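Asker: Using only what follows, build the 3D model:
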Amino acid sequence: MTAKELWSSRTAFLFAAIGAAVGFGNIWRFPALAYEYGGGAFFVPYALALTFVGIPMLVLEIAMGQHRRTGDVGCFGDMMHERLRGIGLSSVLCGFFVTAYYVPLIAWVTRAFFESFGRMKDDWEDMDGSDATAYFYDRVIGMSTLDGDDVRPTRVVWTNVFYLFVVWSIIGTCLAFGIKWTGRIAYVTMGLPIVLLVFFFARAVTLPGASVGIHAYIGQWDLSVLRDRPDVWSTAVTQIFFSLGVTFGVMTAFGSHCPRDAPARDNSIIIALANSFFSFVSGFAVFGVLGYLKQYQEDDDANFDDIVQSGPFGAYPAALSTVPGGLYWVRFLFFNLFLLGIDSAFALTEGVVSVLKDSALGATASHRTIVCGTVSFGFMAGLLYVTDSGLFFLDVIDFYVNFVMLLVGFVKTFSAGWIYGMTDQIEALGSKVVLAYIGTTFGSVMVASCIWFGMDADTALAGFVVLCLCHGAGMYYCDILLVERVEMHPGRGWTLPMIRRELMLGNVLKLKDELEGTVGPLSYGWAVLIKHFIPPTLLVLFFNLACAKNTDGQSDFGHFAGYEPWPFQILGISAVIVVVLVFVVGAVRPRYYDVLVSNRGRRGGDDDELSSSDAAEVAAITAAGYKNAADTDSEHSSSSSSSSKGGGSNGNGNGNGNVNGSGSGSEEVSFEDDTDYSELKDAVLPVAVA
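Answerer: Residues are numbered from 1 along each chain as shown. Purely as a prediction, here's the structure:
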């Protein structure tokens, strides 16, 4: 099997990764969310989500892909447990669902761009916001044939089928030549939007009335929304997820093409900050123009609600068409949106291609064959969105993907922070205390979430009190179990703080140490966030979104936006079920996914040597083979001194434990036990991940 293809340079990787992160959402969704959620107040949850959720998860994905030299399926199946391959597959599946509706959106933009040179060349000069919106909805998308309130599809818009084919052909052509050419193309597809953004920004802030729009964007700070609209927190996190591309398998795939010693942490921070800076500046470019439009219409009583709701294809291009050289600004807008969209489409498709190339299929099919098959399947999936109801299908699937991506993000970080190294913790501390600690952490969060989001009254304080009481009681029980463990083996030099630290952080620090061996330094705080902050936070946000209700008091899940059950709600719910089912099948029947991991994927990309984690596992299994499960506790205690000087030092897994992980210079403590835990890997982990 050929070696993993690498990026042509670090700059090419950064441009491609930033291009994957920056998309339509940066141009319009982020500024619109800021306006909707209290102006500058939205930056509070957004900044917190970026710092404490987005960047750590981005580091995790890039570092794992870089370390194992494979995609999401191989990373979670090899580093964590074979039963967790379904997590990687679920992640990539979410990315494919997004790609299926994202490419038709690019096709609509492409059509609008070319029509600005033809049938719409003269019409843009006399368009207002409502005319532009009607043009895009009725003519470009083809919604004019829908019958009133019945928005179920009635026809296929064949012109859009053609543009869908064109866009997928461009994606396939660019990906067919390998990751090096993808990186080189990113210099154009990401470089030009940066230049165009500068021009849009400069033009927007110098227009009459721009200050009014900018004030609506960031000048007002309605902090009450942080309390009165709790969905702002879920919205901020999903905006970060969508914008950075985490939970889609994209960044893991991109990281797998980096040199193993590339600085994963530094690269992740650069990508995240560049993405957020692009969003921030875009807000000025958008709302400066919208403020000008309000003044141009000479309607002082109008607010921005209707203008913002018209989207980037209504009021915004209509406003640009009224400035000097307006038609060229409209064309630049559509061209800019095309470039931003195509970059993200490259990345989402590459996530699927990477999984297929790392599978057994990659050993028999060429790169171009895999790309052609992926693009063809994506084109067929996109046909749903080039009907006259395409926009409504997009709206529904987008909501349900937002819903499930929080769950995928939770399972990803739970696997990294809790499942990784669990067998070592069980051998050291016993299964009872390890599972009790998991139950304490997440059981208390679920109980509190039921109080917060399951009751109509103001239950914020009550939920917090219950959270503290449940967590405190659980930790007290865990401490009792740990004290019993210390007293049971007085000759092993254990102390309560020592084994409490092993329980709380031992496994995730081992993950940190393993990744640091190749990808460079990772902070202690990163390990804490991956285990103790991000998984509980995502679980709370998932409950928050799951319990959200519409204006009729019905749950959004199954009744989103009042769409008909068939086909809209059923298709959306089916997408959620498929993603969850893919994970469950992997947890219950891991061998079903063996075909998705090649020999190179299992070795972490090394052709001649085992990876460090594989070598450690072999050593641990070897050491376990020499354990005498029949020894009694008294016999074991009497021989503990001699065993620690003899056979106990031969292994690096089961013979000795290290409360500080695998780092050098930390205090070594014998974690030998009387019980044979060799079967717990397949007995306990399925229960934990399920």
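
Asker: Determine the number of other residues adjacent to the nearest residue to Met120 once chain neighbours are set aside.
Answerer: Computed as CB to CB, 6 or more residues apart in numbering, the closest residue to Met120 that is not its neighbour in sequence is Tyr135, at 7.2 Å. C-betas here are computed from N, CA, C, even on glycine. Neighbours of Tyr135 under the rule other CB atoms under 10 Å: 21.

Asker: likewise the one 4 residues further on?
Answerer: Close neighbours of Arg139, defined as other CB under 10 Å, add up to 17.

Asker: Can you give me the distance of it to Ala363?
Answerer: Distance of Arg139 to Ala363, computed by CB to CB, to the nearest Å: 48 Å.

Asker: Same question for Gly23.
Answerer: Counting by CB to CB, the gap from Gly23 to Ala363 is 33 Å.

Asker: which one of those two has more residues nearby?
Answerer: Gly23 (27 against 13).

Asker: thought Trp329 was touching Thr322?
Answerer: No: in this structure Trp329 lies outside contact range of Thr322 using CB atoms under 8 Å: 9.4 Å.

Asker: so how far is the helix or strand harbouring Tyr477 off the chain centroid?
Answerer: Following DSSP states H and E, one finds Tyr477 within helix 460-488. Distance of helix 460-488 from its chain centroid, counting by CA atoms, centre = their mean, to the nearest Å, is 31 Å.

Asker: tell me what that helix is packed against?
Answerer: For helix 460-488, the elements it packs on are helix 431-454, helix 496-501, judged by 3 or more CB pairs under 8 Å, 6 or more residues apart in numbering; DSSP states H and E.

Asker: ok, and the closest non-adjacent residue to Asp131?
Answerer: Ala318 (6.9 Å).

Asker: returning to that earlier point: out of the helices and strands packed on helix 460-488, which is the most enclosed?
Answerer: helix 431-454 (a mean of 18; mean count of other CB atoms under 10 Å).

Asker: can you list contacts of that one?
Answerer: 418, 422, 425-426, 459-460, 462-464, 466-467, 470-471, 474-475, 477-478, 481-482, 485, 503-504, 532, 535-536, 539-540, 543-544, 546-547, 677, 680, 684, 688 (CB atoms under 8 Å, 6 or more residues apart in numbering).

Asker: The same query, at a cut-off of 6 Å, please.
Answerer: Helix 431-454 is contacted from outside by 425-426, 459, 462-463, 466-467, 470-471, 474, 478, 481, 503, 536, 539-540, 543-544, 547, 684, using CB atoms under 6 Å, 6 or more residues apart in numbering.

Asker: out of those, which are buried?
Answerer: Among the contacts of helix 431-454, those scoring as buried are 425-426, 459, 463, 466-467, 470-471, 474, 478, 481, 503, 536, 539-540, 543-544, 547, 684 (criterion: 16 or more other CB atoms under 10 Å).

Asker: Low-confidence ranges, the stretch 251-400 of the chain, go.
Answerer: Along the stretch 251-400 of the chain, the parts satisfying pLDDT under 70 run over 298-303.

Asker: What segments of the stretch 101-250 of the chain are helices?
Answerer: In the stretch 101-250 of the chain, helices defined by DSSP state H, counting those that start in this stretch lie at 129-134, 158-176, 179-205, 210-214, 225-228, 231-244, 250-255, listed in chain order.

Asker: In terms of pLDDT, where does Met488 sit?
Answerer: At Met488, the predicted lDDT confidence score is 87.

Asker: same thing with Tyr476?
Answerer: 97.

Asker: quick one: it and Cys470, what's the gap?
Answerer: 11 Å.

Asker: and if you look at Tyr563?
Answerer: Distance of Tyr563 to Cys470, given as CB to CB: 38 Å.

Asker: How about Arg29: what's its closest non-neighbour residue?
Answerer: Gln239 (6.9 Å).

Asker: Neighbours of Tyr316, how many?
Answerer: Quick note: Tyr316 (other CB under 10 Å) scores 25 neighbours.

Asker: Which of the helices or strands spans it?
Answerer: Element membership for Tyr316, per DSSP H and E: helix 315-320.

Asker: Tell me the helices and strands packed up against that helix.
Answerer: Counting contacts by 3 or more CB pairs under 6 Å, 6 or more residues apart in numbering; DSSP states H and E, helix 315-320 is packed against helix 129-134, helix 264-296, helix 326-357.

Asker: and the first one, how far from the chain's centre?
Answerer: In terms of CA atoms, centre = their mean, the gap separating the centre of helix 129-134 from the centre of its chain is 34 Å.

Asker: List the buried residues for that helix?
Answerer: 129, 132-133.

Asker: Report the rounded mean pLDDT for that helix.
Answerer: Taken as a whole, helix 129-134 has an average pLDDT of 88.

Asker: export that helix as CSV, just CAs?
Answerer: Written as CSV, here are the backbone C-alpha positions of helix 129-134 (Å, rounded to 0.1, in the frame of the first residue of the first chain):
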residue,chain,number,x,y,z
GLY,A,129,-35.0,43.7,-1.6
SER,A,130,-38.4,42.1,-2.2
ASP,A,131,-37.8,41.8,-5.9
ALA,A,132,-34.4,40.2,-5.4
THR,A,133,-35.8,37.7,-2.9
ALA,A,134,-38.7,36.9,-5.3
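
Asker: now what about that helix, what contacts it?
Answerer: So helix 129-134 is contacted by 310, 314-315, 317-318 (CB under 6 Å, 6+ apart).

Asker: For those residues, give me TSV that also has distance to Ser90.
Answerer: Converted to TSV, the contacts of helix 129-134 look like this (distance: CB to CB, whole Å):
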residue	distance to Ser90
Ser310	35
Gly314	35
Ala315	38
Pro317	37
Ala318	41
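
Asker: Can you pick out the most distant pair from those?
Answerer: Maximum pairwise distance among these (CB to CB): 9.8 Å, between Ser310 and Pro317.
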